[in-house]
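Engineer: missing the sequence, but the structure's below:
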């Protein structure tokens, strides 16, 4: 009788052991899947914020350049009007092209930023 009860206990123990092993395996797989999703999401957010940060820096640089060139053009126009010297008009024309290029670059960057 004792041998029969040991067989029953052994089968119950074996069944319980398989259940525990299966439960642990499923738990590990789900945990690894969740960690994988979290790592992917963190990397995605990091690269997104890096690209936004780089665009903001470039936009700030272009804004400063546009402001500077605007001041150069204003001063050149005023000096040309005050002195009548053609050197100021030449200077104005030279920096006018740079200002146009900077404005176009800023508009292109703003268009990209809206796409993000």
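Structural biologist: Yes, it's here. Being a predicted model, the structure only gives us computed values, none of them experimental.
Engineer: Kindly list the main-chain dihedrals of residue 85?
Structural biologist: The phi/psi pair for residue 85 (degrees, to the nearest 10) reads phi -80, psi 130.
Engineer: Flag the shaky bits of this structure, pLDDT-wise.
Structural biologist: 1-15, 113-116 (pLDDT under 70).
Engineer: what packs against the top helix by length along the chain?
Structural biologist: Counting by DSSP state H, the longest helix found in the chain is helix 2-83. In terms of contacts (3 or more C-beta pairs under 8 Å, 6 or more residues apart in numbering; DSSP states H and E), helix 2-83 is packed against helix 86-115. Placement of C-beta: from N, CA and C, glycine included.
Engineer: which ones are touching the nearest residue to residue 72 once chain neighbours are set aside?
Structural biologist: Spatial nearest neighbour of residue 72, chain neighbours left out: residue 95 (4.9 Å); criterion: C-beta to C-beta, 6 or more residues apart in numbering. Taking C-beta atoms under 8 Å, 6 or more residues apart in numbering as the contact definition, residue 95 lies against 69, 72, 73, 76.
Engineer: Dump those into CSV; add distance to residue 62 and neighbour count as well.
Structural biologist: Listed next are the contacts of residue 95 as CSV, based on distance: C-beta to C-beta, whole Å; neighbours: other C-beta atoms under 10 Å:
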residue, distance to residue 62, neighbour count
69, 10, 19
72, 15, 17
73, 16, 18
76, 21, 20
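Engineer: Tell me the one of these nearest residue 20?
Structural biologist: Of all the contacts of residue 95, the one with the least separation from residue 20 (C-beta to C-beta) is residue 69, at 73.0 Å.
Engineer: ok, the closest one touching residue 99?
Structural biologist: Yes - using C-beta atoms under 8 Å, residue 69 and residue 99 qualify as a contacting pair, with a distance of 4.1 Å.
Engineer: in the protein, which residue is closest to the centre?
Structural biologist: residue 48 (2.0 Å; C-alpha atoms, centre = their mean).
Engineer: roughly how far apart are that one and residue 67?
Structural biologist: According to C-beta to C-beta, to the nearest Å, residue 48 and residue 67 sit 29 Å apart.
Engineer: go on, residue 86?
Structural biologist: Residue 86 is 26 Å from residue 67, by C-beta to C-beta.
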